[in-house]
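J.: what's the 3D shape of this:
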Amino acid sequence: MENFVLIFISFVVIHRSVGIVTHKIGVLYDSKIAWTDLNNTETEKGIVYIPYGMGENEPFALIEKIKNLTEECLCVIVVINSGETAWVLQRQDVSSQPLILLANQRDIFFSSSSLPFDCWLRNQGFVSIVTRENWSHINLFYDDYYDSTCIQDLVHRLSAMGVATSSILMTTEGNTIKGTLSMIRRDDHYENVYLALEPHLMLNTIKNAISLDLFERKLHWVMNIDPKYLQNADHYGSLHRSFVLTLSTGLRGNYSDIIKTILHQRASGIENTTENCHTNWTSVQQHYPLKIHSSCKETSDFEEVALFTNQEGLNSHEELFKNKFRDFGNRVLKVASVPNAPYVMKGTKENGETYYYGFCYDILEDYAKAFNFRYESVDGDGGLFGNPTEDGLNASGMVGMVMRGEVDIGVAPFAVTATREQVIDYVLPYQEDGVGILMKRVENKVQKFFRIFLPLHYTTWWAVVVATVVAAYVLYFAAKLSPESKERELQLGHNIWLIVGTVYGQDDGQRPSFGAGRIILGFWWVFTILITASYTANLAAFLTISLAKPPVKNLEELASQTIYKPLIVQETNHHAMFKGATTGLYKRIWDLMSDIPKIKTVEEGYQLVETGQFALLWDYSQFEYLINNDCGSLEIAQESFHKISLSFIIPEKAPFKRAFDNHMLKMIEAGIIAKFKAKWWRKSKCVSSPKTATALETESLSGIFALYGGILAIVLVTFILEVIIVYRKWRRVSKIRQETELDNRTKFMENVPSSFKYSPNT
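T.: Residues are numbered from 1 along each chain as shown. Here you go, the predicted model:
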């Protein structure tokens, strides 16, 4: 085979019960093979080397020589220069425990594995790295230099671990290399690249990757190459600014050394028995471990960081990537902030110096301790959070300050958005939040005036009235039909008054004299007791709770009303969200903001909300803090919207990003973030203490006085009407009486005889 020499080595183990053993290992080798380590006919350490020549019946002649040699040796090794002979010999019963070793110019195989030893070692080592770093996706670039079976084995191992693999075959053409490298995903996640290439193509690939700016902080590289090849590569420093590991074994080109190691190991391990004759790769591997080197930030040489062997696995107790960020070395960082209670608040010391504190600064203090830095706080540009310009070349507010490198970190409740992430990076979010609606609390004066009647719904009040009337009529008809009823019980008014008086416990003490009436009245007593108890229980609650209700419940109601105008802080995520809306509910809200005042801080928004004309749209958690600590006249809508993540901002490709992300995750899992939140979002101070009673305000009971006054007014009107009616009736009766008397007198006079009539002349 062209440029390919198959070497077949077989340990032949012959079990005998009798016989004399002259040598431990006998080596049969083709005399045509110019392999220095095997072309030695001297016996050393129990090893004998015997050359042989091959005829036409090569496999069968070799089998005969093997059988003869087994009379003198415990183990027999055969070196063959023919693939066909190796195939025939492998299938002959010439040994009880055959060991097959195949080697070519690049790889070496054992009979216990179909993989080259070099490949098996690299695959195992790389899988250990993936496991340690907890990677979930690998970009695998390979060429023909590595056997296809080797690549398939690696993909299979990774797949069994649940690791996704994108396998890509590389060629030597420059344009093709660039096109292939451009397939690497470059999103929010850290991507991992494994280069299994021959040295020349490896260097060419590195050069093209540098031109594509792929050696950045979001990519981890693992390369199958000896680091000494990289020392003379162009742009060598670019590798040290990224995360790069190299894997090297020193096996390729040293196969004679490996075979020599096998022979000496077996010779020293065999003591007149065939049990240790079978050689395995595990015992050989400890002499050829996988060496792992890492790029370093401070030096120009790759540093050895770990060794991998089958016995000990990955032997390293430190970070594999040496140039990973560790700490700032007591450096002073510049931090930009804008007050947003309770996340960031501004105070003044006795000497007049201002400082920042709050929930976000508690987190920053924890970062400072963990990563050994001090910080200097500065005010955000214009007091704004900021957003990128349309061309993406600049940004306003604190986003612009971080983007331009004026500060190292932006510490505030920054909402994570895709627009901002085009120019800066975010630390792992510390909290999820929504957008709330803050309005001025509205007290319902009418409800407060008639609070005494609120314990029962108006439908319940009507039901009680109807039940009273029905009970009175039932009692009346029962009295009508009963032969035992008395005369007074036959009056409807008497029965109505009896039922009503029972409700208020003010009856006249007279009970129905017949049995049916007593049963009706008894059940009515039970009814009135239950209604009265329910009313009394609810009355205590309604006299102490607040009747204030938010004017609107959600964003939809805010968009549909005309009393409140939505208010938003300029140059914030919320402002950009509504401004960029073209249709739907957000667009309707944006249209309502056409003539609103332009505010830069939340505090300005609070002042405008107090006027009762505006509704502020801002982070729900900040409204909660405000309401819990200020028992004023503000109220939050029942529903929030647009869930967001809050985080700090840092420059793009910041070397400390991943370290900050990991530390944030640890703080969340350890409950530190929850502890900080409990510190600032305490229980509302506006909740009344249940241990002491409070006097009821007159306004809370004014309803009953108003009802009483209304009844008195009705009584007065009734009395006046009664007087008027009686007076008019009296006058009408009097008039009729007078007219009757006059008529009677006239008639009387007419009936008197003329002789009795008075005459003045008489």
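J.: helices or strands up against the helix or strand where Ile363 lies?
T.: Assessed by DSSP states H and E, Ile363 sits inside helix 359-371. Where contact means 3 or more Cβ pairs under 8 Å, 6 or more residues apart in numbering; DSSP states H and E, helix 359-371 is packed against strand 331-337, strand 373-379, strand 409-415, strand 641-651, helix 657-669, helix 672-680. (C-beta placed from N, C-alpha, C; glycine too.)
J.: what angle sits between the fourth one and helix 657-669?
T.: Same thing as strand 641-651. Here strand 641-651 runs at an angle of 140 degrees relative to helix 657-669 (axes from the mean of the first three to the mean of the last three Cα atoms, to 10 degrees).
J.: what's strand 641-651 packed up against?
T.: Secondary elements touching strand 641-651 (3+ Cβ pairs under 8 Å, 6+ apart): helix 359-371, helix 397-403, strand 409-415, strand 424-426, strand 431-440, helix 573-579, helix 657-669.
J.: output the ones you listed in TSV; the columns should cover mean pLDDT.
T.: Below are those laid out as TSV (pLDDT from 0 to 100):
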stretch	mean pLDDT
helix 359-371	95
helix 397-403	94
strand 409-415	93
strand 424-426	93
strand 431-440	86
helix 573-579	82
helix 657-669	89
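J.: dump those into a markdown table; add mean neighbour count as well.
T.: Converted to a markdown table, those look like this (neighbours: other Cβ atoms under 10 Å):
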| stretch | mean neighbour count |
| --- | --- |
| helix 359-371 | 19 |
| helix 397-403 | 26 |
| strand 409-415 | 26 |
| strand 424-426 | 22 |
| strand 431-440 | 20 |
| helix 573-579 | 19 |
| helix 657-669 | 16 |
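J.: select, out of the ones you listed, the one closest to Glu750.
T.: Relative to Glu750, the nearest member of these by Cβ to Cβ is strand 431-440, separated by 88.4 Å.
J.: parallel or antiparallel, which strands does the closest one pair with?
T.: Using DSSP bridges, the strands paired with strand 431-440 are strand 614-619 (antiparallel), strand 634-636 (antiparallel), strand 641-651 (antiparallel).
J.: surely Leu181 touches Asp213?
T.: No - contact criterion Cβ atoms under 8 Å: Leu181 and Asp213 do not qualify, at 10.6 Å.
J.: compare neighbour counts for these two and give me the winner.
T.: Set Leu181 next to Asp213 and count neighbours by other Cβ atoms under 10 Å: Leu181 wins out with 19 against 10.
J.: do you know how far the more buried one is from Thr70?
T.: Note on Leu181: its distance to Thr70, by Cβ to Cβ, to the nearest Å, is 56 Å.
J.: for Thr746, find the nearest of the helices and strands packed on strand 641-651.
T.: Once the helices and strands packed on strand 641-651 are compared by Cβ to Cβ, strand 431-440 is nearest, at 82.4 Å.
J.: run the angle between that closest one and helix 672-680 for me.
T.: Using the same axes, to 10 degrees: strand 431-440 against helix 672-680 is 20 degrees.
J.: can you tell me what sits against strand 431-440?
T.: 413, 415, 550-552, 554-555, 558, 564, 574, 605-606, 609-612, 615-621, 623-624, 626, 633-637, 640-646, 673, 677 (Cβ atoms under 8 Å, 6 or more residues apart in numbering).
J.: and the helix or strand hosting Trp221, which strands flank it?
T.: Assigned by DSSP H and E, Trp221 belongs to strand 219-223. Applying DSSP bridges to the sheet, strand 219-223 is found paired with strand 191-196 (parallel), strand 243-248 (parallel).
J.: where along the stretch 501-650 of the chain do the helices fall?
T.: With DSSP state H, counting those that start in this stretch as the criterion, the stretch 501-650 of the chain has helices at 515-542, 555-560, 573-579, 584-592, 602-609, 620-629.
J.: residues contacting the closest residue in space to Ile636 that isn't next to it in sequence?
T.: Nearest residue to Ile636, sequence neighbours excluded (Cβ to Cβ, 6 or more residues apart in numbering): Phe623, at 4.8 Å. By Cβ under 8 Å, 6+ apart, the contact list for Phe623 reads Gly436, Leu438, Ile636.
J.: next one: Phe623 from Asn340, what distance?
T.: Noted for Phe623: a distance of 11 Å to Asn340, by Cβ to Cβ.
J.: ok, now Arg157?
T.: In this view, Arg157 and Asn340 are 50 Å apart by Cβ to Cβ.
J.: circling back to that earlier point, from the strands paired with strand 219-223, which stretch is densest packed?
T.: strand 243-248 (a mean of 24; mean count of other Cβ atoms under 10 Å).
J.: before we move on, back to that, to Ala209, which of the helices and strands packed on helix 359-371 lies closest?
T.: Short answer: helix 657-669, nearest of the helices and strands packed on helix 359-371 by Cβ to Cβ, at 20.0 Å.
J.: now the closest one against helix 359-371, angle please.
T.: Counting by the same axes, to 10 degrees, helix 657-669 lies at 120 degrees to helix 359-371.
J.: helices or strands up against helix 657-669?
T.: helix 359-371, strand 641-651.
J.: try 10 Å
T.: Secondary-structure packing of helix 657-669 (3 or more Cβ pairs under 10 Å, 6 or more residues apart in numbering; DSSP states H and E): helix 359-371, strand 424-426, strand 641-651, helix 672-680.
J.: name the residues that touch it?
T.: 190, 217-218, 243, 321, 324-327, 363, 366-367, 370-371, 409, 425-431, 647-648, 650-651, 654, 656, 672-676 (Cβ atoms under 10 Å, 6 or more residues apart in numbering).
J.: on that earlier part again, and Lys480, which of the helices and strands packed on helix 359-371 is closest to it?
T.: Closest of those to Lys480 is strand 641-651, at 65.2 Å (criterion: Cβ to Cβ).
J.: what residues sit buried inside the closest one?
T.: In terms of neighbour count (16 or more other Cβ atoms under 10 Å), strand 641-651 has its buried residues at Phe641, His642, Ile644, Leu646, Ser647, Phe648, Ile649, Ile650, Pro651.
J.: adding pLDDT and distance to Val464, write the residues you listed out as CSV.
T.: CSV is the format used below for these (pLDDT from 0 to 100; distance: Cβ to Cβ, whole Å):
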residue, pLDDT, distance to Val464
Phe641, 83, 42
His642, 82, 47
Ile644, 87, 51
Leu646, 92, 53
Ser647, 94, 58
Phe648, 96, 61
Ile649, 95, 63
Ile650, 95, 67
Pro651, 92, 72
